[in-house]
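# show me how the following folds:
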Amino acid sequence: MKVLITGGAGFVGSALIRHLICHSQVQVVNYDHLSYAGNLQSLTSVSESSRYHFVRGDICDQKHFAQTLKLYQPDAIMHLAAESHVDRSIDDADAFVQTNLVGTYQVLKASRSFFESLASEQAEKFRFLHISTDEVFGDLSDSGGLFTEDSRYQPSSPYSATKAGADHLVRAWGKTYGLPILVTNCSNNYGPYQFPEKLIPHMILSALAQQPLPIYGDGRQIRDWLYVDDHAKALWEVVQRGAV
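The predicted structure is shown next:
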């Protein structure tokens with residue numbers, strides 16, 4: 001089996017690739033633009049594997065992404081590439097709209113064409129997994145408990161709004177064009193190789209440097225956390241089962 005992962009040099013993407021190389025026999029194609037948060041050093045432990053392949057590319061470049069699909073012929077696409085920091089989205093939403101919405105559209109368009117070119121036996125096994133966030137459901141403190149698959153969409157930042165839009169595009173491609181899609185909405189991840197702008201590494205680095213530990217907002221925000229390696233394992237299980 002061959003899996004193409006967008007955003008594989010990112011925090012969650014790299015954890016997923018390490019899991020697949022170490023705990024399965026699949027071929028892995030890492031398609032990543034290497035933006036500020038992409039870090040190939042997070043893949044040093046698996047980069048020499050004969051089952052690992054890296055392609056530098058932008059998901060907004062539909063032609064190049066389509067060429068990559070044609071070249072590697074993946075059995076599944078796991079779409080993780082995204083801008084993912086709330087504060088950055090508030091300061092400047094342009095990159096979030098371009099990557100999370102336009103980029104997902106370009107990936108879907110190329111994936112649909114690729115899927116329709118497959119022989120029936122290959123098409124039956126093909127999966128497109130879109131990895132999203134529970135932030136599309138709004139603030140946990142307003143939800144009355146934990147989010148579920150039935151939670152109402154009510155994004156509250158440019159980041160979560162663009163991810164919500166991407167979710168809707170993916171489901172529309174499944175309903176309208178028959179693309180075999182899966183969507184997951186995970187909570188905040190933590191673990192090794194996380195970009196230092198995120199809460200937990202930011203707090204750790206600040207403490208080590210004896211700097212102030214800032215409180216976000218009024219300090220009443222509630223966050224749910226998931227260890228990144230557990231998330232990676234679960235994502236692979238979702239693709240193998242073919243259903244959420």
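
# report the contact partners of residue 212.
By CB atoms under 8 Å, 6 or more residues apart in numbering, the contact set of residue 212 is residue 206. Every C-beta, even on glycine, is put in place using the N, C-alpha and C of the backbone.

# phi, psi of it?
phi -60, psi 150 (degrees, to the nearest 10).

# just the pLDDT for it.
pLDDT recorded at residue 212 is 88.

# which one in the protein is furthest away from the centre?
Most distant from the centre of the chain: residue 210, at 33.1 Å, with distances by CA atoms, centre = their mean.

# work out for me the element that one sits within.
Using DSSP states H and E, residue 210 is not contained in any helix or strand.

# tell me which residues of the helix ranked longest in the chain are tucked away?
Counting residues, the longest helix found in the chain (DSSP state H) is helix 158-177. Across helix 158-177, burial judged by 16 or more other CB atoms under 10 Å covers 158-167, 169-170, 173-174.

# dump these to JSON lines, plus pLDDT and distance to residue 104.
Formatted as JSON lines, the buried residues of helix 158-177 follow (pLDDT from 0 to 100; distance: CB to CB, whole Å):
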{"residue": "158", "pLDDT": "93", "distance to residue 104": "15"}
{"residue": "159", "pLDDT": "93", "distance to residue 104": "14"}
{"residue": "160", "pLDDT": "94", "distance to residue 104": "14"}
{"residue": "161", "pLDDT": "95", "distance to residue 104": "13"}
{"residue": "162", "pLDDT": "97", "distance to residue 104": "9"}
{"residue": "163", "pLDDT": "97", "distance to residue 104": "9"}
{"residue": "164", "pLDDT": "97", "distance to residue 104": "11"}
{"residue": "165", "pLDDT": "98", "distance to residue 104": "8"}
{"residue": "166", "pLDDT": "98", "distance to residue 104": "4"}
{"residue": "167", "pLDDT": "98", "distance to residue 104": "9"}
{"residue": "169", "pLDDT": "98", "distance to residue 104": "6"}
{"residue": "170", "pLDDT": "98", "distance to residue 104": "7"}
{"residue": "173", "pLDDT": "98", "distance to residue 104": "10"}
{"residue": "174", "pLDDT": "97", "distance to residue 104": "13"}
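
# nice, that's everything, thank you.
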